[in-house]
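[1] build me a model from this:
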Amino acid sequence: MVLIAVAFAASHSFEHQTQVTLKPGQTATYQGQHVTYLRMQAVQGPNRHGVAADVLLNGQLLMRPAVNDYPASGESVPTPAIHSTPAHDVYLTLATTPAGNKAVTLGIIVEPLVSWVWIGGLVVVLGSVLAAVPGRRRRLPTRPLTVGAGG
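    From the prediction side, this is the model:
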């Protein structure tokens, strides 16, 4: 439980977030994370349509934050792109959805130790299972009680 509490407190206390506006090919650096906006693409699904930004994180990982429109409900739902490591999680969101090759505004959130909340949960579950499984118990030798006379 202590692991969960410390990870939860650290992830919320040391969270950093900002918004950056980038044109295609531009890179921004925030909290040690290099974010390069590549392009905007239309996305289609059976019951939705929307746009997604192709964003390169630290020059290696392609991430696709999106905004999806659901015509049946008339709602737009932002879908963040998430990259998790043991040290931190990086969340990218679309703050604006431009058309064509115009600039896009991306939300960047860096939260430390989020994965340790999940690891702490697994430790609690594993400990509970181990405590519930009956095992061989060590038997201590017992001495017979002696009843004294005239008590």
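
[2] ok, residues contacting the lengthiest strand in the chain?
    Ranked by residue count under DSSP state E, the longest strand found in the chain is strand 33-44. Strand 33-44 has contacts (Cβ atoms under 8 Å, 6 or more residues apart in numbering) with 20, 22-29, 49-59, 66, 68, 90, 92, 97-101, 104, 106, 108, 110. Bear in mind the C-beta positions are built from the backbone N, C-alpha and C, glycine included.

[3] any buried residues in the helix or strand following it, and which?
    Sequence-wise, the next helix or strand downstream of strand 33-44 (DSSP states H and E) is strand 49-57. Buried residues in strand 49-57, defined by neighbour count with 16 or more other Cβ atoms under 10 Å: G50, V51, A52, A53, D54, V55, L57.

[4] can I get the longest helix belonging to the chain as CSV, trimmed to CA atoms?
    Assignment by DSSP state H gives helix 114-132 as the longest helix of the chain. Output of helix 114-132 as CSV, limited to C-alpha atoms (Å, rounded to 0.1, in the frame of the first residue of the first chain):
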residue,chain,number,x,y,z
VAL,A,114,2.4,6.3,-12.9
SER,A,115,3.3,2.7,-13.7
TRP,A,116,4.4,2.2,-10.1
VAL,A,117,0.8,2.7,-9.0
TRP,A,118,-0.1,-0.4,-11.2
ILE,A,119,2.9,-2.3,-9.9
GLY,A,120,1.9,-1.5,-6.4
GLY,A,121,-1.6,-2.9,-7.1
LEU,A,122,-0.1,-6.1,-8.5
VAL,A,123,2.0,-6.4,-5.3
VAL,A,124,-1.1,-6.1,-3.2
VAL,A,125,-3.0,-8.7,-5.2
LEU,A,126,0.0,-11.1,-5.2
GLY,A,127,0.4,-10.6,-1.4
SER,A,128,-3.3,-11.2,-0.9
VAL,A,129,-3.2,-14.4,-2.9
LEU,A,130,-0.1,-15.7,-1.1
ALA,A,131,-1.8,-14.9,2.3
ALA,A,132,-5.0,-16.8,1.3
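
[5] now for it, which elements pack on it?
    helix 2-13, strand 88-94 (3 or more Cβ pairs under 8 Å, 6 or more residues apart in numbering; DSSP states H and E).

[6] where among these is average confidence lowest?
    Among the helices and strands packed on helix 114-132, helix 2-13 carries the lowest mean pLDDT, at a mean of 71.
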